[in-house]
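Peer 1: have a look; sequence and predicted model below, questions after that.
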Amino acid sequence: MKTPVIIAAILLIFSTQSYSQKNKDALYLKNGSQIFGKMEQVSGNKVSVRTSDGSLFVFDSTEVDHYVIYDKATVTRKVQGFGAGTEIGFLAGPQNSQYPAPFSFGLSGGYTFGTRYMVEAGSGLEFIGHSYAPLYAGFRFYLRESRTSPFFFGRAGYMAMISENEDEMIYYPMWSSIYPVDYWYTEEREYKGGPTATLGLGASFSAGDMETYMSFAYRYFRTKETVTTSTSSTEDFFYYYNRLEIKLGFRF
């Protein structure tokens, strides 16, 4: 589980950095360099910008290709277009369950239209005894067109298993001593995913193409276990999960 957590952390850091850059003045030099911060001088033959760590960079105007001044008043929610997102969280359940709060990580792509509507599809990684990749499609509705807005969303799809899905259990009956030493009783177990559905609400803060949000949802999913014994009998077992899904996400 360490690898997915590291990947998720890297993606969240990248998203946060991209978000912060979108909310600063930008200076583009002719050599291809980009500097984000606060423009302090744009006059005469000098252009200067101060970065978030306090450093002041001064350039001759002949070195500058162009610059963009960030205007908070002009930043609104995305009106239309494609976007990608990443989110991380957990699936909270009863504390006495075998998996009270498993890790959940996701990547998604979506299309926004009419400012308040978005369709999306995505996948990710979750661990419920085995590793699963939830494949889903969904819809999101924002209650307002302003930068901050509550929203409702729903998703439906399938939990695909991505870890080893077969196991063999060997039992030696107590009375096996009266049989040859190679006598045993086996059970072959095969694990599979199942359907999943999510319905919830959240709060979103948007700055143009960038968005960060917190969501809370009811999450349902089902997994399946097929047991085949050495006597060739087969039986299916279904496991049902009802969880509170809590996630922090970024979209850009």
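Peer 2: Everything's here; your move.

Peer 1: what's the first helix or strand after the helix or strand of the chain with the lowest mean pLDDT?
Peer 2: Within the chain, confidence by mean pLDDT, DSSP states H and E is lowest for helix 2-22 among all helices and strands, at a mean of 50. Sequence-wise, the next helix or strand downstream of helix 2-22 (DSSP states H and E) is strand 25-29.

Peer 1: can you name the residues in contact with that following strand?
Peer 2: Applying C-beta atoms under 8 Å, 6 or more residues apart in numbering, the external contacts of strand 25-29 come out as 34-39, 47, 49, 57, 59, 63-70. Where you see a C-beta, it was placed from the backbone N, CA and C, and this is true even at glycine.

Peer 1: now stretch 127-134
Peer 2: 1, 91, 98-99, 102-103, 106, 123-126, 157-165, 191, 193, 196, 221, 223, 241.

Peer 1: below-threshold pLDDT in this protein: ranges please.
Peer 2: Scanning the chain for pLDDT under 70 picks out the ranges 1-23, 70-76, 165-185.

Peer 1: if we use 90, what do you get?
Peer 2: Where the chain drops to pLDDT under 90, the residues are 1-81, 93-102, 113-115, 127-131, 144-147, 162-191, 206-210, 225-235, 237, 252.

Peer 1: domains in it, by residue range?
Peer 2: In terms of domains, the chain is parsed into 8-74, 78-251 (source: automatic domain parsing).

Peer 1: confirm residue 223 sits in a helix?
Peer 2: No - applying DSSP: H, G, I helix; E, B strand; the rest coil, one finds residue 223 to be strand, outside a helix.

Peer 1: quick check: bridge partners of it?
Peer 2: residue 239 (DSSP bridges).

Peer 1: isn't it up against residue 160?
Peer 2: No - Residue 223 is beyond contact range of residue 160, at 10.9 Å (criterion: C-beta atoms under 8 Å).

Peer 1: find residues that contact each of the two.
Peer 2: 132, 193.

Peer 1: and residue 237, how many neighbours?
Peer 2: 11 (other C-beta atoms under 10 Å).

Peer 1: quick one: what helix or strand has it in it?
Peer 2: strand 234-251.
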